[in-house]
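> only geometry, no sequence info:
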């Protein structure tokens, strides 16, 4: 990152991506979100904060940090959802095609394993 990223007098796109290949819709959305947070806070509130030592740069940095934090939370949620969907689809596929073998013996917990035929189908 270059030193221009330290300038928070305005919320700029380069706060969210430093190169052309990082310019994704998701990063652009974070930039727009930071701008909207800035616009959503009334000027009276901004004046109140400025009397207590918060500058425009400090406020902009807070908007940027909040947008990046929310972006991280979305990515984490999507990753968890993808994992859940993947596990659910695997379970449904294996259940439908008889891929679960019951390895339960009296007094133990069932541990699902792949049926050899299903494992061959998955590899194909």
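Arrived safely. All values reported here derive from a predicted model rather than from experimental measurement.
> residue ranges of the strands in this protein, please?
Under the criterion DSSP state E, strands of the chain are mapped to 100-101, 113-114.
> and the first one, average pLDDT?
What it means is strand 100-101. Across strand 100-101, pLDDT averages out at 52.
> same check on the last one?
For strand 113-114, the mean per-residue pLDDT is 53.
> also stretch 22-32?
88.
> please go through the chain and pick out the longest helix.
In the chain, with assignment by DSSP state H, the single longest helix is helix 56-96.
> output the contacting helices and strands for that one.
helix 25-40, helix 43-51 (3 or more Cβ pairs under 8 Å, 6 or more residues apart in numbering; DSSP states H and E). Just so you know, the C-beta spots here come from the backbone N, C-alpha and C atoms, and that holds for glycine as well.
> could you redo these as CSV and give each row distance to residue 63?
Shown next, in CSV, are the helices and strands packed on helix 56-96 (distance: least, Cβ to Cβ, whole Å):
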stretch, distance to residue 63
helix 25-40, 4
helix 43-51, 11
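> residue 71: which of these is closest?
When those are compared by Cβ to Cβ, helix 25-40 sits nearest residue 71, at 4.5 Å.
> relative to helix 43-51, how tilted is the closest one?
Calculated by axes from the mean of the first three to the mean of the last three Cα atoms, to 10 degrees, helix 25-40 forms an angle of 90 degrees with helix 43-51.
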